[in-house]
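Asker: Can you look at this prediction? I've put the sequence above it.
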Amino acid sequence: GETERSVTAFIEALRRSTKLSIEIEDERLTTAAVERRRKDAGIKKGDFDRDAAAAAAILETFMARKKKEGGL
């Protein structure tokens, strides 16, 4: 949709403006997955930082993928 096109355009502009390697990671289901983990672990909503947990899950997924590809 429109959001994906905007993000893709931003990524391309960022790639053109820097020498750094820009990686992308699909995060669409991450929040739902960490919310499910929270419930399964019996953690109260107030004791859980959903955004931090989702960010950690995205990073874990990225690092596992790069390791599998031989990049880490």
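Answerer: Nice, I can see it.
Asker: Residue 13 and residue 28, how far apart?
Answerer: In this view, residue 13 and residue 28 are 22 Å apart by Cβ to Cβ, to the nearest Å. Just so you know, the C-beta spots here come from the backbone N, C-alpha and C atoms, and that holds for glycine as well.
Asker: Who has more neighbours out of the two?
Answerer: Using other Cβ atoms under 10 Å as the criterion, residue 13 and residue 28 rank with residue 13 on top: 10 against 7.
Asker: Leaving out the residues flanking it, which one is nearest to residue 23?
Answerer: residue 62 (6.8 Å; Cβ to Cβ, 6 or more residues apart in numbering).
Asker: can you tell me the average pLDDT over the one helix or strand the one you found maps to?
Answerer: Assigned by DSSP states H and E, residue 62 falls within helix 50-68. Here helix 50-68 scores 93 as its mean pLDDT.
Asker: before we move on, what about stretch 14-23?
Answerer: Stretch 14-23 shows a mean pLDDT of 94.
Asker: hmm, who's touching it?
Answerer: Stretch 14-23 has contacts (Cβ atoms under 8 Å, 6 or more residues apart in numbering) with 11, 62.
Asker: Can you point out the buried residues in it?
Answerer: Under the neighbour-count criterion of 16 or more other Cβ atoms under 10 Å, stretch 14-23 has nothing buried.
Asker: measure that stretch end to end?
Answerer: 11 Å (Cα to Cα, to the nearest Å).
Asker: burial count for residue 39?
Answerer: A count of neighbours around residue 39, defined by other Cβ under 10 Å, yields 11.
Asker: distance of the residue with the largest distance to the centre of the chain from residue 48?
Answerer: Ranked by distance from the centre of the chain (Cα atoms, centre = their mean), the top residue is residue 42, with 23.5 Å. From residue 42 across to residue 48, the span is 11 Å (Cβ to Cβ).
Asker: do residue 9 as well
Answerer: Computed as Cβ to Cβ, the residue 9 to residue 48 distance reads 34 Å.
Asker: So between these two, which is more surrounded?
Answerer: residue 48 (16 against 10).
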